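# quick one: sequence and predicted model below, then my questions.
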Amino acid sequence: ERISHWLRNISNLSNVYRTKAVIRTTKGWCGVNFVNDIKEIHPNGYRRDSRIEVVLEGEPFADINTLEEQLRECIASYENQ
């Protein structure tokens, strides 16, 4: 849920065209696809590893370090429960 919320926030940034991911969760594999007004979250089959992809329009994303830090916070907050 935390990572899904984080990805949804990223997809709402002005230069982000699409955000998609396949993530291993405690409940199995989950596919995420956010593009325009389409917000899909669905069960997914096994993958070798989790992946996140953000497709940008226009200018490159300037603050990759912040994105990585936010992702680590999502994971750490789950592990600390």
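That came in fine, so what should we check first?
# going forward, measure contacts and count neighbours with C-alpha atoms only.
OK.
# list the contacts of Glu57.
Residues near Glu57 by CA atoms under 8 Å, 6 or more residues apart in numbering: 15-17.
# which of these count as buried?
For these, a burial check counting by 16 or more other CA atoms under 10 Å picks out 16-17.
# return the subset of the contacts of Glu57 lying in strands.
Among the contacts of Glu57, the ones falling in strands (DSSP state E) are 16-17.
# bridging residues for Cys30?
Taking DSSP bridges, one finds Ile23, Pro43 as the beta-bridge partners of Cys30.
# that one contacts Glu40, correct?
No: counting by CA atoms under 8 Å, Cys30 does not reach Glu40; the two are 10.3 Å apart.
# settle it for me: which of these two has more neighbours?
The neighbour comparison of Cys30 against Glu40 (other CA atoms under 10 Å) goes to Cys30, with 19 against 11.
# what pLDDT does the model give the more buried one?
According to the prediction, Cys30 has pLDDT 92.
# distance of it relative to Leu13?
From Cys30 over to Leu13 the distance is 22 Å, taken as CA to CA, to the nearest Å.
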